[in-house]
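Asks: Okay, predicted coordinates and the sequence, questions at the end:
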Amino acid sequence: MKNEDDPKDKRLKPGDAQKLTMAEVAKYVGVSAMTVSRAFRQDASVSEETRKRIMEAVDALGYVLDLSAGSLSSRRSGFIAALVPSINNSNFSDTARGMTDALQNTGLQLLLGYTDYSAEKEEELIEAMLRRRPEGIILTGGSHTARARRMLVKAGIPVVETWELPEDPINQVVGFSNSEAMSLLVRTLAGQGYRKFGYIGGTTARDTRGSQRRSGFQKTVEELGLGPGRMISFGVPPITMEQGGQAIVSLLERWPDTEVVLCVSDLSAFGAIMECTRRGMKVPRDIAVAGFGDYEISSICHPRITTINVDCYGIGRQAAARLLDTLHTGEATGDEITLTGYKVVLRESTDRNGAPTA
């Protein structure tokens, strides 16, 4: 049975949700709209007890103060909000570039926020963005705090979640299965004769996409009768190049006969290869290494890194396009979930048949 008070049971359809007003919050608490307004302004005329009741109601209802109400008579802000985990990650930079290109000549601008892989920081940014009433919002991933989800559902604007496939989407999704993509990489390398697989990932689950890749790795090596996989968790996501180097040392100390190591990203894979080189190990002759994401560095380093290409730019462009379609028509068009492609890119770091070695 659905619980109508649970935001998870209220899948947002653009145009369905009514923007919650200050008057409705006031009615819920049993005070005037002016009192609610004064509570937001920290006015001394509002008692601490009343302010507490108002803020509890704001949290329960998912209300966000509309800072644009007094200045935008047209009720249009002219911008799209987008949140990404990292601003120094070229994959997410490519995704943002795809969004920007899709918004060209539309009169809409992109306002970018940086979550640092933190659900709590994402919640703060969502509230800050919604206070300025964006035309729509694009998120990275589908894991949010309960309060963030309530705010998004109540906002009454198009929401697009990207880079993964949430079990319970808020509105629209543009992404792929990180688990299945990593599974494809394992199966491809197993088809080349590799049997002893290692994996390098982060120490926490705050990078949900990294956790999904780890899950896909573990499940696949076991399905192929090659498991359990030899997994090392090293560093708080996102894992750096340096941590990738440190992690492969730990992995090989524990399982020295490992044949191939799959990394949560190309950056950690690059760090692993550099550490192997410093220690006099040949890649891929002594140990093969693969990454994820097809970063630019993976195609120019030596040896070049086998990886998964996930079309980062296309994810951003398609997400913005779906959002624009919704704004133009007033409702979602086509499927709510847009699957984006991924593919294995085989390079020298796993090729033991004549490829150059580091």
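Replies: Nice, I can see it. Please read all numbers here as calculations on a predicted model, not as lab measurements.
Asks: State the distance from Thr145 to Met151.
Replies: Distance of Thr145 to Met151, given as C-beta to C-beta, to the nearest Å: 9 Å. Just so you know, the C-beta spots here come from the backbone N, C-alpha and C atoms, and that holds for glycine as well.
Asks: so what pLDDT did Ala44 get?
Replies: Here, the pLDDT recorded for Ala44 equals 73.
Asks: before we move on, back to that, need the residues touching each of Thr145 and Met151.
Replies: Applying C-beta atoms under 8 Å, 6 or more residues apart in numbering, one finds that Thr145 and Met151 are jointly contacted by Glu123.
Asks: who's more crowded, these two?
Replies: Met151 (25 against 14; other C-beta atoms under 10 Å).
Asks: And the helices in the protein?
Replies: 22-29, 33-40, 48-61, 90-103, 119-130, 146-155, 178-191, 208-223, 241-254, 266-278, 296-300, 312-329 (DSSP state H).
Asks: Chain neighbours aside, what residue packs nearest to Val95?
Replies: Small correction: residue 95 is Thr, not Val. Nearest residue to Thr95 in three dimensions, chain neighbours excluded: Gly316, at 3.7 Å (C-beta to C-beta, 6 or more residues apart in numbering).
Asks: Might one say that the one you found is in contact with Ser93?
Replies: No: counting by C-beta atoms under 8 Å, Gly316 sits too far from Ser93 to count as a contact (9.5 Å).
Asks: quick one, which of those two is more surrounded?
Replies: Gly316 (29 against 17).
Asks: what about the lowest-mean-pLDDT helix or strand in the chain, distance to the chain center?
Replies: The weakest-scoring helix or strand in the chain, judged by mean pLDDT, DSSP states H and E, is helix 33-40 (a mean of 81). Centroid displacement of helix 33-40 relative to its chain, using C-alpha atoms, centre = their mean, to the nearest Å, is 36 Å.
Asks: CA atoms only for that helix - export them in CSV, please.
Replies: Extracted C-alpha coordinates of helix 33-40, given in CSV (Å, rounded to 0.1, in the frame of the first residue of the first chain):
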residue,chain,number,x,y,z
ALA,A,33,2.0,34.2,6.7
MET,A,34,3.7,37.3,8.1
THR,A,35,4.8,35.3,11.1
VAL,A,36,6.3,32.7,8.8
SER,A,37,8.1,35.4,6.8
ARG,A,38,9.4,37.0,10.0
ALA,A,39,10.7,33.6,11.2
PHE,A,40,12.7,33.2,8.1
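Asks: In terms of secondary structure, what does it contact?
Replies: Using 3 or more C-beta pairs under 8 Å, 6 or more residues apart in numbering; DSSP states H and E as the contact test, the elements touching helix 33-40 are helix 22-29, helix 48-61.
Asks: Once you drop chain neighbours, what's closest to Ile297?
Replies: In space, Ile297 is closest to Phe270, 5.6 Å off (C-beta to C-beta, 6+ apart).
Asks: which residues does the one you found contact?
Replies: Phe270 touches 241, 244, 291, 297-298, 301, 305, counting by C-beta under 8 Å, 6+ apart.
Asks: and if you look at Ala272?
Replies: 200, 244-245, 247-248, 261, 263, 289.
Asks: how far away is it from Ile308?
Replies: Taken as C-beta to C-beta, the span from Ala272 to Ile308 is 16 Å.
Asks: follow-up on the earlier one: most tightly surrounded among the helices of the chain?
Replies: Highest mean neighbour count of the helices of the chain: helix 266-278, a mean of 24 (counted as mean count of other C-beta atoms under 10 Å).
Asks: Helix 90-103 and that one, what's the angle between them?
Replies: Going by axes from the mean of the first three to the mean of the last three C-alpha atoms, to 10 degrees, helix 266-278 is angled at 150 degrees with respect to helix 90-103.
Asks: what separates helix 266-278 from the chain centre, distance-wise?
Replies: For helix 266-278, the distance to the chain centre is 24 Å (C-alpha atoms, centre = their mean).
Asks: Stretch 341-348 now?
Replies: That offset, for stretch 341-348, works out to 21 Å (C-alpha atoms, centre = their mean).
Asks: Buried residues of it, list them for me.
Replies: By neighbour count with 16 or more other C-beta atoms under 10 Å, stretch 341-348 contains the buried residues 342, 344-348.
Asks: Can you get me the start-to-end distance on that stretch?
Replies: 23 Å (C-alpha to C-alpha, to the nearest Å).
Asks: Now mean pLDDT too, for the helices and strands packed on helix 33-40, in CSV please.
Replies: Below are the helices and strands packed on helix 33-40 laid out as CSV (pLDDT from 0 to 100):
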stretch, mean pLDDT
helix 22-29, 87
helix 48-61, 89
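Asks: could I get those as a markdown table with distance to Glu123?
Replies: Formatted as a markdown table, the helices and strands packed on helix 33-40 follow (distance: least, C-beta to C-beta, whole Å):
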| stretch | distance to Glu123 |
| --- | --- |
| helix 22-29 | 19 |
| helix 48-61 | 11 |
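Asks: Out of these, which is closest to Ser233?
Replies: Nearest to Ser233 among the helices and strands packed on helix 33-40 is helix 48-61; the distance by C-beta to C-beta comes to 34.0 Å.
Asks: For the closest one, which outside residues touch it?
Replies: With C-beta under 8 Å, 6+ apart as the criterion, helix 48-61 contacts 20, 24-25, 28-29, 31, 35-36, 39, 46, 63, 147, 150, 154.
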